[in-house]
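# Sequence and predicted structure are below.
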Amino acid sequence: MVAGRLEGSYLVAPTLLGCEIANVCLKKLRCEPTQRDVLLTAFAQYARMPIEIVEVDHVPTLPLAEAFGLNSYDAAYLWLARQCAAELVTLDRSLEAAAGLRH
């Protein structure tokens, strides 16, 4: 489980994380309107998470996206993981595969 892998870790994410979390919440609100209160409570918890938000240098993300068949958003996570020499924790299989490869 992802939560277990993250517990006690120092977390770093690109600036786009907030937009991505908000988008996931919005999709769930549209699909499960009866869960509105629960979803909004969970979304509010994101703001309290100890995550360092880092500006991404987008110039080197484009070659990563091309090399591994990623979109630019996923390439930003891959770039940041490489910059920090950190484990990339994701549920996205393409991104996970790219993180395990060296190019």
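Okay, I see it.
# Let me know the outermost residue of the chain.
Ranked by distance from the centre of the chain (Cα atoms, centre = their mean), the top residue is Thr34, with 26.3 Å.
# What separation do you get for that one and Arg93?
Distance of Thr34 to Arg93, computed by Cβ to Cβ, to the nearest Å: 30 Å. Placement of C-beta: from N, CA and C, glycine included.
# For Glu52, see how far away the closest residue to Trp79 other than its chain neighbours is.
Beyond its immediate neighbours in the sequence, the residue positioned closest to Trp79 (Cβ to Cβ, 6 or more residues apart in numbering) is Thr61, lying 4.8 Å away. For Thr61, the distance to Glu52 equals 18 Å [Cβ to Cβ].
# So those two - more neighbours on which side?
Neighbours were counted for Thr61 and for Glu52 using other Cβ atoms under 10 Å; Thr61 has more, 22 against 9.
# which residues sit in contact with that one?
Thr61 makes contact with 72, 75-76, 78-79, according to Cβ atoms under 8 Å, 6 or more residues apart in numbering.
# from those, which is closest to Ala99?
Compare each of the contacts of Thr61 with Ala99 using Cβ to Cβ and the shortest gap goes to Leu78, at 5.9 Å.
# That'll do, ta.
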